[in-house]
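In: below is the structure, and that's it, no one-letter string:
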């Protein structure tokens, strides 16, 4: 099974951030690096689940190193701005 090759769009990242901001309001003021790390982890986890659909959670966690981070900090900055505009 092939994994998606393109990084998530800024719009998709903004949508993910909206969910994160709703779940934990303190994340609205979190450093960009913290948000990028969290989004990157979710992205790598999603790709691992796509590639290994029959693996359990522990096996997926063990495979995360197979997947490179592909979300640039500049995209997270733009996504945060978009998400905050949507919140207004």
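Out: Done, it's in. Here the structure is a predicted model, which means the values were calculated and not measured.
In: how about residues contacting the helix or strand hosting residue 76?
Out: Assessed by DSSP states H and E, residue 76 sits inside helix 73-87. Contacting residues not belonging to helix 73-87 are listed as 7, 10-11, 13-18, 21, 28, 32-33, 35-36, 39 [C-beta atoms under 8 Å, 6 or more residues apart in numbering]. Any C-beta I mention is one placed from the backbone N, CA and C, and that applies to glycine too.
In: can you name the two of these that sit furthest apart?
Out: 7 and 28 (23.0 Å; C-beta to C-beta).
In: re earlier: pick out the lowest-pLDDT one from the contacts of helix 73-87.
Out: Here the lowest pLDDT out of the contacts of helix 73-87 sits on residue 7, with 90.
In: leaving out the residues flanking it, which one is nearest to it?
Out: Closest residue in space to residue 7, ignoring its immediate chain neighbours: residue 70 at 4.2 Å, by C-beta to C-beta, 6 or more residues apart in numbering.
In: now residue 41
Out: In space, residue 41 is closest to residue 64, 7.6 Å off (C-beta to C-beta, 6+ apart).
In: thought that neighbour was touching residue 45?
Out: Yes. Counting by C-beta atoms under 8 Å, residue 64 touches residue 45, with 6.6 Å between them.
In: looking at these two, which one has more neighbours?
Out: Neighbours per residue (other C-beta atoms under 10 Å) separate residue 64 from residue 45, with residue 45 holding more: 16 against 13.
In: quick check, pLDDT for the more buried one.
Out: Listed pLDDT for residue 45 reads 98.
In: which is the next helix or strand following the helix or strand hosting it?
Out: Using DSSP H and E, residue 45 falls within helix 32-51. As assigned by DSSP H and E, the chain's next helix or strand after helix 32-51 is helix 57-63.
In: that'll do, ta.
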